[in-house]
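Chemist: Here is my input, please return the structure:
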Amino acid sequence: MGISASALVVSGAAALVYQSVWARMLHRVFGVGDQAIATVLGAFFLGMALGSFFGGRLSRRITSPGRAYALLELFIGGWALLTLLLLPRVHALYAFVGGGLDYAGLSLVRLALATCILLPPTIAMGATLPVLMRARPPEGTTWPSIATRLYLANTAGAILGAGTTGFVLLPRYGNTVALVVAAAMSVLAAVLVLAARLEPADAPRAAEVRPTRSPPFFLALAATTGMASLAGEVLWTRVLRIVVQGTTQAFASMLVAFLSGLVLGGFLAARALRSTKPATALFSAQLFAGVFTLVSIAAVPQLTRLVPLVVGQRNLIPHEPWSLLLVSFALLLPLATCLGASLPILFRMAEAGDPGSRTGGLLGANTLGGLVGSLAAGFVLVPLHPWGGVRNTLLGVACLHLVVALVVALRGEAMSLRARSLAFATAALALLSVFVVRPDLRLPFLLDAWHDVASTVLDGPRAYVDEPVYLREGRNTTVSVLRRGETLRLFNDGRPESGMDLEFPGFGREVALLGALPTTLAEKTETAMVIGLGGGHTVTTMLAGDFEKVYVVELEGAVVEAARTMHEERNRKAARETPFPLDDPRAELIVDDARARLKLLPAGALDAVVSQPSHPWLAGSSALYTR
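Modeler: Predicted coordinates for the structure are as follows:
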């Protein structure tokens, strides 16, 4: 099994490269809006889940697991090279099919195109581990231990792929080279397994299959733990994005830290299962996952205070790879370690049965649960105002972990009544503490911590008393409006985006020129588009010119509310009524990704396009600056 594990390390690294590159390429077709990203990730994880389910069912019919695995890897690598030809043509197809459709229709078109492109290779990826489980294990080993070893090898490869893609391949060489490298890695994985000449395992006789609990119970546990884990990953990524900013390297650091915790947790679980009952181990893992979630919520504001001491300069935003990794590991590693223990423990709990089908079923349920959790957390629960938000959703994730611990305590295999009662009482007490303690992220403090570094480090969140004029956690970013003397400043995830002086006209000449120059230089002044509303200044200037129609495309709906709040506050202070630009009948607001909208317009439909400058170092901004 050593060669199989090596092959899965290589395969896992290739899978992360594929995921990153395909998402990046499709973002340039669909845009980087919340629904576009959800579509790409949804198609990817749906394929992985289906591959795990079907791969497990079909594995019993496979007579040569090594050859079947090699064919899957060669198919994945070949499809990756084919996407270099397919994806550039999706632009034209998307514009042709999506032209004239409303938002719901566009969402269906995006889902259909992403599914057609991503489902075939991702189904093959999901099937690789269940297919390898059909191979004959070494003497004296059980399939749960083999499944755990291969799963950890695959995840370790994913760490390598995430780091290499985020720090080397994409920033230095681009999409094409990254895909070619990943395809070569898939071929290498196929060659390694073929060279091992794996023999198929003998089918178990009926008398050898011990009675076990109903598989739906294990599938439900796998789905629920996957849901809580991926929801937590999405939420903590959003929190850390405020601390370290949303650059490509920052995302890579967070992913490496999270995956490293999963590998460490799986390794520790395998060691613990030598002397601990599986039910006790799963109870402990979920209990500590819930507790660490609560502790991490309270620790984030203090972690922010430590950043200047770690980086050695008066700066709250770490940019060097080592500092990004250090901050990510400090917050994510303990929690991810607990999360990584659950799936290997479930392999052991579901030991009786066919290795391939049990592995595929548990992996598929875990992946599908993760898909539901990530989408629900990011696109439903966080924007749910006023009951949602990152903090409340994280508290819900902690409760979900603790509820799983309660269920395991009630149905714990081979646990004595005393042990079961003690476990249940401990989990119930931890669940009660969620509602009693209710740790706080101190979001206003986090968003404004960079403004006065000395006060942040010395005084901390308890000394922060400034109430935001506006604060809303949207689907894409957390939007706030803060008062700075006689000015109002608009921030996205704590980054300054716009502002307004309380005096007339409320904005500087550079913003006025951004809207005035197109009015002066355009050959015609009929229809224009402004990418990014910001504070509404550029739109105001363009409407003061001769344009008959101005489309305003804004990615985050909360920015529109924040801009209106700033205008109303200025009008109140200045005792004058300056109209909000979007109230002008010539202005039309579109809450969507601007790049996707530009693709849907026919050539020559716009006389001018103006972009409120986005921070160029942020992940996703590059999609706006392509030829």
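Chemist: which strands and helices sit next to the helix or strand containing Ala147?
Modeler: Using DSSP states H and E, Ala147 sits in helix 143-164. Other elements packing on helix 143-164 under the criterion 3 or more CB pairs under 8 Å, 6 or more residues apart in numbering; DSSP states H and E are helix 2-30, helix 103-132, helix 248-272, helix 321-349, helix 355-376. All C-beta atoms are positioned from the backbone trio N, CA, C, and that covers glycine.
Chemist: could you check the angle helix 2-30 makes with the longest one?
Modeler: Here helix 103-132 runs at 170 degrees with respect to helix 2-30, directions being taken by axes from the mean of the first three to the mean of the last three CA atoms, to 10 degrees.
Chemist: Helix, strand or coil: sort out Leu488 for me.
Modeler: What DSSP: H, G, I helix; E, B strand; the rest coil gives for Leu488 is strand.
Chemist: measure it to Thr578 for me?
Modeler: According to CB to CB, to the nearest Å, Leu488 and Thr578 sit 14 Å apart.
Chemist: Could you check which of these two is surrounded by more residues?
Modeler: Each of Leu488 and Thr578 has its neighbours counted (other CB atoms under 10 Å); Leu488 has more, 25 against 14.
Chemist: Bridge partners for that one, pull those for me.
Modeler: Taking DSSP bridges, one finds Arg483, Met500 as the beta-bridge partners of Leu488.
Chemist: Tell me which residues touch the spatially most central residue of the chain, please.
Modeler: Nearest to the geometric centre of the chain sits Val234, at 4.6 Å (CA atoms, centre = their mean). Contacts for Val234 (CB atoms under 8 Å, 6 or more residues apart in numbering) come out as Gly373, Ser374, Ala377, Gly378.
Chemist: Out of those residues, which comes closest to Val437?
Modeler: Proximity of these to Val437 (CB to CB) peaks at Ala377, which lies at 21.3 Å.
Chemist: okay, and for the stretch 51-200 of the chain, where does confidence drop off?
Modeler: 99-100, 102-104, 136-137, 139-140, 199-200 (pLDDT under 70).
Chemist: Which strand or helix spans Val609?
Modeler: Assigned by DSSP H and E, Val609 belongs to strand 608-611.
Chemist: quick one: strands adjacent to that strand?
Modeler: Paired strands of strand 608-611, with direction, are strand 527-531 (parallel) (DSSP bridges).
Chemist: I'd assumed Val457 was in contact with Leu309.
Modeler: Yes. Counting by CB atoms under 8 Å, Leu309 does reach Val457; the two are 7.3 Å apart.
Chemist: Neighbour count: the two, which is higher?
Modeler: Neighbours per residue (other CB under 10 Å) separate Leu309 from Val457, with Val457 holding more: 17 against 9.
Chemist: mind checking the SS state of that one?
Modeler: Three-state assignment for Val457 (three-state DSSP): helix.
Chemist: In space, what's closest to it - neighbours in sequence excluded?
Modeler: Nearest residue to Val457 in three dimensions, chain neighbours excluded: Arg305, at 5.2 Å (CB to CB, 6 or more residues apart in numbering).
Chemist: where's the one you found relative to Asp546, distance?
Modeler: The gap separating Arg305 from Asp546 is 52 Å, by CB to CB.
Chemist: If you count surrounding residues, which of these two has more?
Modeler: Arg305 (18 against 12).
Chemist: Contact partners for the more buried one?
Modeler: Neighbouring residues of Arg305 by CB under 8 Å, 6+ apart: Ala449, Thr456, Val457, Gly460.
Chemist: mind redoing it with 7 Å?
Modeler: Arg305 sits next to Thr456, Val457, Gly460 when contact means CB atoms under 7 Å, 6 or more residues apart in numbering.
Chemist: returning to what we had before: which element is the residue nearest to Val457 on?
Modeler: Arg305 is part of helix 278-311, with elements assigned from DSSP H and E.
Chemist: May I see the buried residues of that helix?
Modeler: Buried residues in helix 278-311, counting neighbours by 16 or more other CB atoms under 10 Å, are found at 278-294, 296-297, 299-301, 303-305, 307-308, 311.
Chemist: And for stretch 121-138?
Modeler: Residues 121-135, 137 are the ones in stretch 121-138 that count as buried (16+ other CB under 10 Å).
Chemist: Identify the residues contacting it?
Modeler: 1, 4, 11, 15, 44, 47-52, 54-56, 59, 62, 65, 68-69, 72, 75-76, 79-80, 143, 146-147, 150-151, 154, 198-201, 355-356, 359-360, 363.
Chemist: now these: which count as buried?
Modeler: Buried members of those, counted by 16+ other CB under 10 Å: 1, 4, 11, 15, 44, 47-52, 54-56, 59, 62, 65, 68-69, 72, 75-76, 79-80, 143, 146-147, 150-151, 154, 198, 200-201, 355-356, 359-360, 363.
Chemist: sec struct for Ser275, please.
Modeler: coil.
Chemist: burial measure for it, as a count.
Modeler: Count around Ser275 with other CB under 10 Å applied: 7.
Chemist: Kindly report the same for Glu233.
Modeler: For Glu233, using other CB under 10 Å, the count is 24.
Chemist: go on, His91?
Modeler: Using other CB under 10 Å, His91 has 12 other residues around it.
Chemist: Quickly find the element holding it.
Modeler: helix 65-98.
Chemist: Give the buried residues for that helix.
Modeler: By neighbour count on 16+ other CB under 10 Å, the buried set for helix 65-98 is 65-70, 72-77, 79-80, 83, 87, 90, 94-95, 97-98.
Chemist: The helix holding Ala147 to helix 248-272, inter-axis angle?
Modeler: Orientation note: helix 143-164 sits at an angle of 160 degrees relative to helix 248-272 (the same axes, to 10 degrees).
Chemist: Give me the next element, helix or strand, following helix 143-164.
Modeler: Following helix 143-164 in sequence, per DSSP H and E, is helix 174-196.
Chemist: Just the buried positions in the helix or strand following that following helix, please.
Modeler: Following helix 174-196 in sequence order, the next helix or strand is helix 215-244 (DSSP H and E). Neighbour-count burial for helix 215-244, counted by 16+ other CB under 10 Å, picks out 218-219, 221-244.
Chemist: Likewise for stretch 3-19?
Modeler: For stretch 3-19, a neighbour-count test (16+ other CB under 10 Å) marks 4-19 as buried.
Chemist: wait, doesn't Phe580 sit right on Arg564?
Modeler: Yes. Under the criterion of CB atoms under 7 Å, Phe580 makes contact with Arg564 at 5.5 Å.
Chemist: backbone phi and psi for the residue lying closest to Arg238 once chain neighbours are set aside, please?
Modeler: Of all residues not flanking Arg238 in the chain, Val390 sits nearest, at 5.8 Å (CB to CB, 6+ apart). Phi and psi for Val390, reported as degrees, to the nearest 10, are phi -60, psi -40.
Chemist: all numbers from here: first residue = 3
Modeler: Sure, I'll start numbering at 3, so the last one becomes Val392.
Chemist: can you pull the contacts of Val392?
Modeler: Contacts of Val392 by CB under 7 Å, 6+ apart are Leu237, Arg240, Val241, Val384, Leu443, Glu475.
Chemist: do Ile592 as well
Modeler: Counting by CB under 7 Å, 6+ apart, Ile592 has contacts Tyr553, Val554, Val555, Arg599.
Chemist: Tell me which residues of the helix or strand hosting it come out buried.
Modeler: Assigned by DSSP H and E, Ile592 belongs to strand 589-593. By 16+ other CB under 10 Å, the buried positions in strand 589-593 come out as Ala589, Leu591, Val593.
Chemist: bridging residues for the second one?
Modeler: Looking back up the chat, that one is Leu591. As for beta bridges, Leu591 partners with Val554 under DSSP bridges.
Chemist: ok, how many other residues are close to Cys340?
Modeler: 26.
Chemist: got the contact list for the closest residue to it other than its chain neighbours?
Modeler: Excluding the flanking residues, the one nearest Cys340 by CB to CB, 6+ apart is Ala291, at 3.9 Å. By CB under 7 Å, 6+ apart, Ala291 lies in contact with Leu337, Cys340, Leu341, His403.
Chemist: By neighbour count, which of these wins?
Modeler: Each of the contacts of Ala291 was scored for neighbours by other CB under 10 Å, and His403 scores highest at 31 neighbours.
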